[in-house]
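**Student:** how would this look folded up:
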Amino acid sequence: MGVKYNMKEVKPKDWIEAFNEEVSCHSDKLYKLLDEELELTQHELDTAADALTNAMKAATARVAPVHQPSARAKPWWDGQCSEALNRVQQAERAKRQHRMENGFTSEWQDELAKHEQNHFH
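**Tutor:** Model prediction:
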């Protein structure tokens, strides 16, 4: 997943300044984007996109502190847990929306919500 940064305290002006400096470091890969009459190959577009991405990452690394997990964070919680929770919440929302629109609970949606909850717990 990579390094996470805490962007809360970053001033937009500082990030923009760092980004502009990083873009100038990657200008050899980005200058073709400015020429509107030039038709770029897929490889040239991919190279430019990678250069922009790298400039954004480098600017962020320069101005933002690394995110420190809170003392209450659960070390076992991972992306799969988040996905499972999201599926449970979506199933519950769909069940609630059906009940609001139709005045009764859908048996199928109720079973789906129970199924997702069982896989989450």
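**Student:** ok, residues contacting stretch 63-73?
**Tutor:** 3, 4, 5, 6, 7, 9, 10, 11, 14, 15, 18 (CB atoms under 8 Å, 6 or more residues apart in numbering). Glycine gets a C-beta too; all of them are placed from N, C-alpha and C.
**Student:** tell me the mean pLDDT for it?
**Tutor:** Mean pLDDT, computed over stretch 63-73, is 82.
**Student:** returning to that earlier point: now, of the contacts of stretch 63-73, which are buried?
**Tutor:** If you count burial by 16 or more other CB atoms under 10 Å, the buried members of the contacts of stretch 63-73 come out as 10, 15, 18.
**Student:** Can you flag which of those belong to helices?
**Tutor:** Using DSSP state H, the members of the buried ones among the contacts of stretch 63-73 that fall in helices are 15, 18.
**Student:** could the buried ones among the contacts of stretch 63-73 be laid out in a markdown table, adding distance to residue 78 and pLDDT?
**Tutor:** Compiled in a markdown table, these are given as follows (distance: CB to CB, whole Å; pLDDT from 0 to 100):
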| residue | distance to residue 78 | pLDDT |
| --- | --- | --- |
| 10 | 26 | 93 |
| 15 | 29 | 94 |
| 18 | 31 | 96 |
